[in-house]
Structures are given as structure tokens and as C-alpha cells.
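*Asks:* Attaching a predicted model along with its sequence, questions to come.
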Amino acid sequence: MSSEKRSILCPNCRKLISVDETRCPYCGITNPGSAWKKGISVLTLRHPSDIIPILIYTNIALYIFSIILKPSAVGVTPYPFTFLSPSSNSLLLLGATGTIPIEQFHRWWTLVSATYLHGGVLHIFFNMMAFRQLGPFVLDEYGFHRFFAIYTLSGITGFFVSYLVGIPFTIGASAAICGLIGAALYYGKSRGGRYGDAIYKQVLGWVIGLGLFGFLVPGINNWAHAGGIAGGIIVGYLLGYEEKKRETLTHRVIAFACIALTVAILGWAIIQALFYRFAA
């Protein structure tokens, strides 16, 4: 009487193995068939590149929501950088960060939510354009899980640096995008060779251009940008990139912790914004 041998994908290396394996014969992870490890595997996007439009649409949706929250206070001045700008109250309710939200209202969670808020049409347009250009490269070189960890942790780092130097009120995806710049900068310098050097020089050009733009245009949070770049370099160094080592279960756990934290905080921000705006 023959018994059917069941197979699963290893949650770490994604190779087909027996469900009864105590250790993956390919990558060496222990107990690959355990429930929580299989759960992490199931949560992986079928097409990792889908994370790019998902993040873009999330930013756009929250920008539209911030306008709908108090349409009477939306900025309609002809000045490009404040055209269709949500009210400060709406942004505060949805999770803008800085010394005011953190010190006066103890909203440390805004270090995450501020990445998904924007102050006008041009603000979100330029940020999403930059993200659309940089995101796929970092995603390819670091993998889905490290990409999301870099994006989230760099945004937190950038806004924390901004808070430490006393920026009162700030928002935008640029700190997290600068984290992608930092990760790409580290990748190019670490990899070396013609390809690595070309990437390093190209990204360094981004950094110089970003710095000049920040000093010439008023209202740019240069501290968040610098903190985001530093965060991207550090996280990129600590987690490594695909050519150095494959993504591990540790990378997956960090990524899903970032995903869970982001979803929970944005969900809470929307709920409490609706409550204070319409029920309080």
C-alpha cells in the first residue's frame, strides 16, 4: 500500500520539497513545513513588481481622501506647490509627523503614516514619478522583502532625523524614496565593476540634484531627505542585496512586520480621522 507524498514550496528558497522535511535540503532552513513559516510564504505577492503600483495607488488614494476630508479648506491658489493642498487639520488627523504631532499629541506612529501623505498635486506627482523610476531597480536588486523593509525603515529614519532637528510639521514619500536612493548608492559602491560604478555615479547625480533642489526651493525637508538616504544605506548594508545573498526568512519576517505595521497605522489613521471629522 503506497502513501502519497505531499510537497510544499520552501518558505525561504521557494524550492519544491517534501512537507515532512525537518530541514530544507537546498537552503538549510529548519522546519520548513511549520505553520507560521508557510503562512509567511503564502503572503508573498505572486508578482513582486505589483508592489510598485500598489504603493503608488495607496499614496494617491490617501491624497484624495485628505482633500475629501475637508474640501472647503483645500488650497486653490495659483502657486504651483500649494495648488490643491489638503488642509493642515486633515493632514494632522491622517498622520502628518514632526515636533507638533509627536510632542504635543504623542503620535509616534506618524513616523510611518507621514510617508503616505502629500501637500499638493505637484508634491505627489514628483514623488510618485521618482518612485516609479527608482522603485523597480531597487526591487530587482534587493528583492521584494528587502525592498519594502528599505522603503519603510528609511522613511521612519528620515522623519525621525527631521523630528530630532525640530521640524514642526512634515509629510511626503520623499524620505522613503531617498532611502531607495541610499540603497542604490550602497549597491553601486559595494558591487563595483563597470555596472556598479555606472549605477553609483548615476545615483550620486540624483543625490546632488536633490540637494540643490532642496536648497533652492523653500519648504523642502532636507533633513528628512538626508536621514532617508542614510537609512537606505544602512538598511541596504545590513540586509544585503541579491548578488551577495538570497532573501532569507529573516528578511521575510522584517518585511511582513513592516507591512503589518503600515497597514495597521494607515487603517487607524483613516478611522480616527473620520471619527474626529464627522462624529466628534
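*Replies:* That came through fine.

*Asks:* Please count neighbours and contacts with C-alpha atoms only from this point.
*Replies:* Noted.

*Asks:* How much space separates the residue nearest the centre of the chain from residue 74?
*Replies:* Residue closest to the mean C-alpha point of the chain, counted by CA atoms, centre = their mean, is residue 151 at 2.9 Å. With distances taken as CA to CA, to the nearest Å, residue 151 is found 29 Å from residue 74.

*Asks:* Next, count neighbours for residue 195.
*Replies:* Residue 195 has 10 neighbours, counted by other CA atoms under 10 Å.

*Asks:* The stretch 151-280 of the chain: helices as residue ranges?
*Replies:* 174-191, 193-216, 222-239, 249-274 (DSSP state H, counting those that start in this stretch).

*Asks:* Centre of the chain to the first one, how far?
*Replies:* Centroid displacement of helix 174-191 relative to its chain, using CA atoms, centre = their mean, to the nearest Å, is 13 Å.

*Asks:* Can I get it as CSV, trimmed to CA atoms?
*Replies:* Extracted C-alpha coordinates of helix 174-191, given in CSV (Å, rounded to 0.1, in the frame of the first residue of the first chain):
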residue,chain,number,x,y,z
SER,A,174,10.5,61.6,-0.3
ALA,A,175,12.2,60.4,2.8
ALA,A,176,11.4,56.7,1.9
ILE,A,177,12.3,57.4,-1.8
CYS,A,178,15.6,58.8,-0.6
GLY,A,179,16.0,55.5,1.2
LEU,A,180,15.8,53.8,-2.1
ILE,A,181,18.4,56.2,-3.4
GLY,A,182,20.6,55.3,-0.4
ALA,A,183,20.2,51.6,-1.1
ALA,A,184,21.0,52.0,-4.8
LEU,A,185,24.0,54.1,-3.8
TYR,A,186,25.3,51.4,-1.5
TYR,A,187,24.6,48.7,-4.1
GLY,A,188,26.6,50.5,-6.8
LYS,A,189,29.6,51.2,-4.5
SER,A,190,29.6,47.7,-3.0
ARG,A,191,29.2,45.9,-6.3
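
*Asks:* relative orientation of it and helix 193-216 in degrees?
*Replies:* Using axes from the mean of the first three to the mean of the last three CA atoms, to 10 degrees, the inter-axis angle of helix 174-191 relative to helix 193-216 is 150 degrees.
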